[in-house]
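**Q** just a sequence and a predicted model for now, questions to come.
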Amino acid sequence: MTRATSAEQDSSDVYQEEILNYLRKLEDLDEEATVYSNNGEFRTVQPLSEDEIDAAERLQREYDMEPKQCYWNCQRVLLHEPEDKYTYVEGYTMSHSVPVPIQHAWLEMDDTVLEVTFPDGPGPRDGATYFGVPYSADKIRTRLSQIKSCWPMASTV
């Protein structure tokens, strides 16, 4: 893992604080924000290994990932992949290129963020911060079989 420069560390700290403040403001208004705030944690953001890059690029290619469809993109991977190699995580992300918290879903492989929805993936954007709640493949499969539709896991549909 590479060490963050002090500028990267400073922006990461700022983004972490921004995300937490944003969630605090939403807690009384949004059930998903409450779930993320109460159960989320900051995720590991680091350069991807060759294996992680290969895996993410394969997923992007095989599943024809669509922009702005992060929940569907990530949940269907867990629905169809035979091994529990990936973890589905949803919450918020923020980066230099998107300097406001956005609700998002992503995959993790060995606790490392794989960005399969943003067109500049498969790694996280430079300086990105991710805060979210992980869900197992079994939970995803059960939920999709029950509601036959894709929604954030934190919502009560």
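**A** Received, thanks. Predicted, not measured: the structure shown is a model, and the values here were computed from it.
**Q** quick check: longest helix of this structure.
**A** helix 6-26 (DSSP state H).
**Q** now for it, which elements pack on it?
**A** Identification of packing neighbours for helix 6-26 by 3 or more Cβ pairs under 8 Å, 6 or more residues apart in numbering; DSSP states H and E yields helix 31-39, strand 87-94, strand 129-135. Placement of C-beta: from N, CA and C, glycine included.
**Q** given the last one, what are its sheet partners and their directions?
**A** Each strand paired with strand 129-135, and its direction, by DSSP bridges: strand 41-42 (antiparallel), strand 87-94 (antiparallel).
**Q** quick one: mean pLDDT for that strand?
**A** If you average the pLDDT over strand 129-135, you get 96.
**Q** show me where pLDDT drops low in this protein?
**A** Within the chain, the segments meeting pLDDT under 70 span 1-11, 157.
**Q** most centrally placed residue in it?
**A** Taking Cα atoms, centre = their mean, the centroid of the chain lies closest to Trp106, which sits 2.9 Å from it.
**Q** tell me which of the helices and strands packed on helix 6-26 sits most buried.
**A** strand 87-94 (a mean of 24; mean count of other Cβ atoms under 10 Å).
**Q** which element follows that one toward the C-terminus?
**A** Later in the chain than strand 87-94, the nearest helix or strand by DSSP states H and E is strand 102-109.
**Q** one step back: adding distance to Pro124, write the strands paired with strand 129-135 out as CSV.
**A** Shown next, in CSV, are those (distance: least, Cβ to Cβ, whole Å):
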stretch, distance to Pro124
strand 41-42, 12
strand 87-94, 8
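**Q** out of these, flag the one nearest Tyr15.
**A** Tyr15 lies closest, by Cβ to Cβ, to one member of those: strand 87-94, at 4.4 Å.
**Q** give me the distance between that closest one and the centre of its chain.
**A** 3 Å (Cα atoms, centre = their mean, to the nearest Å).
**Q** with adjacent residues omitted, what lies nearest to Ser97?
**A** The shortest distance from Ser97 to any non-neighbouring residue, by Cβ to Cβ, 6 or more residues apart in numbering, is to Arg125 (5.5 Å).
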